[in-house]
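J.: need a structure here:
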Amino acid sequence: MSHQTETAAFRYIDLFAGIGGFHAVLDSMGGECVYAVEIDKAAQDVYEANWGVRPLGSNDKGDITLDTQTAREVNVPEHDVLVAGFPCQPFSKSGAQKGMDEIRGTLFFDIMRIVNDRKPAVVLLENVRNLAGPRHVHEWDVIIERLRKAGYRVSHTASVLSPVKVAPEFGGHPQTRDRVFIAATRVAPLRPTPEAEEALATGGIVLPDPVQDTHESVKPIALDHLKMQRPWNLMTDLPLDEKNVGGSSVSVDEWRWIDHWERLVQRMRAMLAHEADRAGLPAKEIPGFPIWANVWTTDENERRAALEGAAGMAWKVSHLRKNYELYDRLRSYDAFVSSPEGGADESRWTPNWLGTTRQFPESRQKMEWQAQDSRSIRDCVISMRPSGLRVKQMTHLPALVAISQTPIIGPLERRLTIEEGTLLQGLPASFKGATWKQLGNGVNTGVVAQALSAQVERDAALLELDERGRRVLAAVRETMRVTGGDLRERIAAAVHRGQTRRVAGSGTERSRAA
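T.: Residues are numbered from 1 along each chain as shown. Down below sits the predicted model:
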């Protein structure tokens, strides 16, 4: 990408670009990427392979600070839209540091220097949900304050969006992935339309002052009208490949752990049915609290010591008490089954099961059942987490993270494949070279598309005043008239164009326009 084309609907820059989730959406809407930056070399390689341009920036090091913090002038081309999945960093809390000095040295500083210098019509930022949580109140307040002082309309209320909450016909995917989106739109037009220029000059239009916005004066973007109205089905909604896919096998040890816990699941089912029969009530579901077999004991001194050690952590004390109660109930059920009424000799069933469990790694001595009324672990999605086995229904998947936690699809007796993980993020099967780490760090294209659409509709009146904003608004509206399926086709076509450019030899060009 050595020059800016005149046919593009709008121009955008892609900061902290990863493997190009934002790029996929904006390219599919007719946008042209005139600058992209990503410091991770492996992610640069994947971006280049699929988009035909290497995301570096003018400094060839993938370091945005060299184009902002160390440069006298911002070394970034003019653009209409700025997107960034930026890292969350703590800001200074010193009373002596205000304004831009408060964020100096952070990557958000680089974003704001570009925003203040280039004044894009639309800014869309993405981050982890915790950014809007209680531990980052200061950072959140500073981000909103800086954007408003730069002349942007932005809500102080966080927009937390997830692909699992959006219906597939609107670009949703069966993945729980809560992310915060910050949608900021420039108030004063940089290039006003002739009509807007006249109205502004005569007082026919009075622009709001974003600095004066209260916490609730600007609505957050929301996708409630696109909400999924039925349970997801992984087999058909992803969809999953029923074939035995290479490289997705489950180890012998993992099956041993799964099948061992399956025995306890069935034992608990029998116990719950027995308890319900005696009480004359319907049987309860398997408990949803974390089952910690590693703490099970009948020794009252050991129990007391563990509870005292957890003092001050109410959640842990609660889980310990529930685990001791569950163990006692299982032992009582052993006694019933071994009684003349029960008719079997299983007095040692639970202790024997526990003895085998204690031979496992500690993280495999724990299980969290989130599968409600599912009958078997093998009917479910299984995640091998540091906190234990997590078992969920075959409706949707947890957020993609590291490869060591790649979910196991019980009915298919294999792991989720990287190709299926790519589909979960709204990228086509033709997308090349992504790793689990890169997918886990990426954005979901369906959510990005709907977030951008919601933003431009919320602020359409402002965008109509600006030649740049009007172009962005028209392009997004034209694209989002189609269904999620057609959006996926547009993204697949964008990937094909990028891969074609790469094969043709243009992939070696730098992403900063000359």
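
J.: Who are the contact partners of the nearest residue to residue 28 once chain neighbours are set aside?
T.: Using CB to CB, 6 or more residues apart in numbering and skipping the chain neighbours, the partner closest in space to residue 28 is residue 490 (3.8 Å). Where C-beta positions appear, they are placed from N, C-alpha and C, glycine not excepted. Counting by CB atoms under 8 Å, 6 or more residues apart in numbering, residue 490 touches 28-29, 479, 482.

J.: From those, which land in helices?
T.: Applying DSSP state H to the contacts of residue 490, the entries found in helices are 28, 479.

J.: which among the contacts of residue 490 gets closest to residue 281?
T.: Distances from residue 281 to the contacts of residue 490, taken as CB to CB, are shortest for residue 482 (51.2 Å).

J.: Quick check: chain neighbours aside, which residue is closest to the closest one?
T.: Nearest to residue 482 is residue 490, by CB to CB, 6+ apart, at 7.6 Å.

J.: what about the one you found, which SS state?
T.: Here residue 490 is recorded as helix under DSSP: H, G, I helix; E, B strand; the rest coil.

J.: now it: how far from residue 47?
T.: 19 Å (CB to CB, to the nearest Å).

J.: can you pull the pLDDT of the residue most central in space within the chain?
T.: Centroid-nearest residue in the chain, with CA atoms, centre = their mean: residue 177, separated by 3.5 Å. According to the prediction, residue 177 has pLDDT 92.

J.: That one: which element?
T.: Under DSSP states H and E, no helix or strand contains residue 177.

J.: Just the pLDDT for the closest residue to it other than its chain neighbours.
T.: If the residues on either side of it in the chain are set aside, residue 177 comes closest to residue 399, at 4.4 Å by CB to CB, 6+ apart. For residue 399, the pLDDT comes out at 87.

J.: doesn't residue 399 fall inside a helix?
T.: No - under three-state DSSP, residue 399 sits outside any helix and is assigned coil.

J.: residues contacting it?
T.: By CB under 8 Å, 6+ apart, the contact set of residue 399 is 175-178, 440.

J.: switch the cut-off to 10 Å
T.: By CB atoms under 10 Å, 6 or more residues apart in numbering, the contact set of residue 399 is 128, 162-164, 175-179, 405, 424, 440, 444.

J.: what does residue 239 give?
T.: Contacts for residue 239 (CB under 10 Å, 6+ apart) come out as 174, 233, 420, 423.

J.: immediately after the helix or strand where the third one lies, which helix or strand?
T.: For residue 420, the host element (DSSP H and E) is helix 418-424. Proceeding N to C from helix 418-424, the next assigned helix or strand is helix 436-441, under DSSP H and E.

J.: what sits up against that next one?
T.: Here helix 436-441 makes contact (CB under 10 Å, 6+ apart) with 16, 18-21, 40, 42-43, 45-47, 85, 87, 177, 399-406, 416, 418, 421-422, 424-425, 427, 431, 434-435.

J.: Can you flag the buried ones in these?
T.: 16, 18-21, 40, 43, 46-47, 85, 177, 399-401, 405-406, 416, 418, 421-422, 424-425, 427, 431, 434-435 (16 or more other CB atoms under 10 Å).

J.: can you list the domains in this protein?
T.: Residue ranges for the domains of the chain, per automatic domain parsing: 10-231+432-508, 252-416.

J.: Out of those, flag the one nearest residue 240.
T.: Of all the domains of the chain, domain 252-416 comes closest under CB to CB, at 6.3 Å.

J.: quick one: terminal-to-terminal distance for the closest one?
T.: This stretch, domain 252-416, spans 17 Å end to end (CA to CA, to the nearest Å).

J.: Tell me how far that domain lies from the chain's centre.
T.: 28 Å (CA atoms, centre = their mean, to the nearest Å).

J.: now stretch 221-237
T.: Relative to the centre of its chain, stretch 221-237 is centred 15 Å away, using CA atoms, centre = their mean.

J.: looking at the protein, which residue lies furthest from center?
T.: Relative to the C-alpha centroid of the chain, counting by CA atoms, centre = their mean, residue 340 is the outermost residue, at 54.8 Å.

J.: where does that residue land in three-state SS?
T.: Assigned with three-state DSSP, residue 340 falls in the coil class.

J.: Kindly report the same for residue 453.
T.: Secondary structure, three-state DSSP: residue 453 is helix.

J.: same check, this time on residue 384
T.: strand.

J.: Now for it: which residues touch it?
T.: 250-251, 254, 257-258, 363-364, 390, 404-408, 415.

J.: any idea how far residue 376 is from it?
T.: 17 Å.

J.: can you check residue 335 too?
T.: Distance of residue 335 to residue 376, given as CB to CB: 26 Å.

J.: again with residue 212
T.: Relative to residue 376, residue 212 is positioned 59 Å away (CB to CB).

J.: So between those two, which is more surrounded?
T.: Per other CB atoms under 10 Å, whichever of residue 212 and residue 376 has more neighbours is residue 376, with 14 against 8.

J.: Now do the phi/psi pair for the residue nearest to residue 177.
T.: Dihedral pair for residue 399: phi -60, psi 140, per degrees, to the nearest 10.

J.: If any of the contacts of residue 490 are buried, give me the PyMOL selection for them.
T.: The PyMOL selection below is limited to those of these classed as buried (16+ other CB under 10 Å):
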select buried, resi 28+29+479
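
J.: Closest one to residue 297 out of the contacts of residue 490, please.
T.: Minimum separation from residue 297 among the contacts of residue 490 (CB to CB) is found for residue 28, which lies at 57.7 Å.

J.: The closest one touches residue 496, doesn't it?
T.: No - with contact defined as CB atoms under 10 Å, residue 28 does not reach residue 496; the gap is 11.2 Å.
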